[in-house]
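# pasting the structure only:
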Ligand code: SF4
């Protein structure tokens, strides 16, 4: 028996696919790269951008023929797309041959659903739940081991679908995280541990007693062994002096920080509900570079947010030029149904978004070239 998993989106999804793989392997399935050979095909989906969703619809639709030829083939769709009830319903209507439709909170039950398939035609589940601590992972990222430290997000950036499909922030206990990392280190296979969360800087605020992210880093670094610790993603509004000092002084913590700025213009940042200003962001960068001169800084930007003018876009260009990141990811704003920004007037035409994203990427290329010199 073989399984084939197709993963879209961020590292969180990559890591969750590792859990799905573990569950299926426990049931006796083996991995295969070929869809045609698989007895179960899982699509772990992403809802961040429209393009990614369209790719999923296209790829799932293309399986109709295979399912007709081999009715015993199990097709499952899970992740952020199917956590949105409307999208899940669309799947059900458009692709009645899909057997399992599950959201983000119930991925760990996929094994139960596969077993139940004999009795039910289509299984769907979207309700929220706690973080699963019962299942392991079939790790697929070489010497790097992903470790999820929390799920969900409380920030409600107006363009983002994550709080709607991943729920509010829930932190795993430090004890469970440390136990998992001790096992990873003991296996001797991994040199890097990357802690994952939508906003790792607010880790632990919901726990009793509460614990800061810096304290978690300290406790993880006390585990004996030869490994480095990385983490993502950080929100600029939640970076504390305690955290900067911990990165600076803790030898096991990598000197790398991914700090999404999203825009260099204060009016757009406010409309995005990012809760910091350009000035705050630049001060933060100065402080970080001052304390950690060898830090590798990367960032994300969105261009063409509703009502963004050319002048406001140029503020983003000037911020990128001023900071000279080690790398950036630039995206065109993608309208996500259900978010606040999707209802804003003044949506920017696609052609303008394309021009802006290309300008930003050209600037980035130029900066990297100069830095290389
Ligand atoms: S911090 Fe903002 S962009 Fe990041 S996951 Fe939360 S809502 Fe989305």
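Perfect, I can see it now. From a predicted model like this one, the values you see are computed outputs, not experimental measurements.
# my guess is residue 56 meets residue 45, correct?
Yes: if you go by C-beta atoms under 8 Å, residue 56 and residue 45 touch, sitting 4.9 Å apart. The C-beta positions use only the backbone N, C-alpha and C, and glycine is treated the same way.
# what about these two, which has more around it?
Using other C-beta atoms under 10 Å as the criterion, residue 56 and residue 45 rank with residue 45 on top: 29 against 23.
# Taking the stretch 201-350 of the chain, what residue is nearest to the ligand?
In the stretch 201-350 of the chain, the residue that lies nearest the ligand is residue 235 (5.2 Å; C-beta to the nearest ligand atom).
# My understanding was that that residue contacts residue 156; is that so?
No: using C-beta under 8 Å as the test, residue 235 is too far from residue 156 to be in contact (11.9 Å).
# Show me where the stretch 201-350 of the chain has its helices.
Secondary structure of the stretch 201-350 of the chain, counting by DSSP state H, counting those that start in this stretch: helices at 213-221, 241-249, 266-271, 278-291, 310-323, 350-372.
# sorry, back to before: could you tell me which residues touch both of residue 56 and residue 45?
Between them, residue 56 and residue 45 share these contacting residues under C-beta atoms under 8 Å, 6 or more residues apart in numbering: 8, 77, 81.
# how about the nearest residue to residue 267 once chain neighbours are set aside, what does it touch?
Among residues not flanking residue 267 along the chain, residue 312 sits closest, at 6.5 Å (C-beta to C-beta, 6 or more residues apart in numbering). Neighbouring residues of residue 312 by C-beta under 8 Å, 6+ apart: 263, 265, 267, 268.
# Give me the residues contacting the helix or strand encompassing residue 88.
Assigned by DSSP states H and E, residue 88 belongs to helix 85-94. Helix 85-94 has contacts (C-beta under 8 Å, 6+ apart) with 47, 53, 57, 60-61, 77, 81-82, 98, 101, 103, 122, 124, 126, 337.
# quick one: low-confidence ranges for the protein?
118-130 (pLDDT under 70).
# Longest strand in it, please.
Looking across the chain with DSSP state E, the single longest strand is strand 296-303.
# Could you pull out the buried residues of it?
For strand 296-303, a neighbour-count test (16 or more other C-beta atoms under 10 Å) marks 297, 299, 301, 302, 303 as buried.
# and it with the ligand, contact?
No: under the criterion of C-beta under 6 Å from any ligand atom, the ligand is not reached by strand 296-303; the shortest gap measures 8.6 Å.
# All the helices of the stretch 1-150 of the chain, residue numbers only.
11-26, 50-61, 64-69, 80-83, 85-94, 110-116.
# Is the residue lying closest to residue 102 once chain neighbours are set aside bridged to anything, and to what?
Counting by C-beta to C-beta, 6+ apart, residue 78 is the residue found nearest to residue 102 once chain neighbours are left out, at 4.4 Å. Using DSSP bridges, the beta-bridge partners of residue 78 come out as residue 44.
# one step back: looking at the helices of the stretch 1-150 of the chain, which is nearest to the ligand?
helix 11-26 (9.7 Å).
# wait, what's in contact with residue 7?
13, 14, 17, 44.
# roughly how far apart are the first one and residue 208?
Between residue 13 and residue 208 the computed distance is 30 Å (C-beta to C-beta, to the nearest Å).
# Those two: which is more packed in?
Ranked by neighbour count (other C-beta under 10 Å), residue 13 and residue 208 place residue 13 first, with 20 against 5.
# The more buried one: what's it in contact with?
7, 44, 45, 46, 79, 80.
# same thing with residue 281?
By C-beta under 8 Å, 6+ apart, residue 281 lies in contact with 236, 259, 261, 319.
# Strands - which of those residues land there?
Per DSSP E, the contacts of residue 281 never map to strands.
# which one of the residues you listed has the most neighbours?
The most neighbours, when those are compared by other C-beta under 10 Å, belong to residue 261, which has 24 neighbours.
# and the residue nearest to it when sequence neighbours are not counted, what does it touch?
Nearest residue to residue 261, sequence neighbours excluded (C-beta to C-beta, 6+ apart): residue 299, at 4.9 Å. By C-beta under 8 Å, 6+ apart, the contact set of residue 299 is 258, 259, 260, 261, 320, 323, 325, 328, 329.
# now with 6 Å?
259, 260, 261, 325, 328 (C-beta atoms under 6 Å, 6 or more residues apart in numbering).
# quick one: buried residues of stretch 225-236?
227, 228, 229, 230, 231, 232, 233, 234, 235, 236.
# got it, and stretch 181-194?
181, 184, 185, 190, 193, 194.
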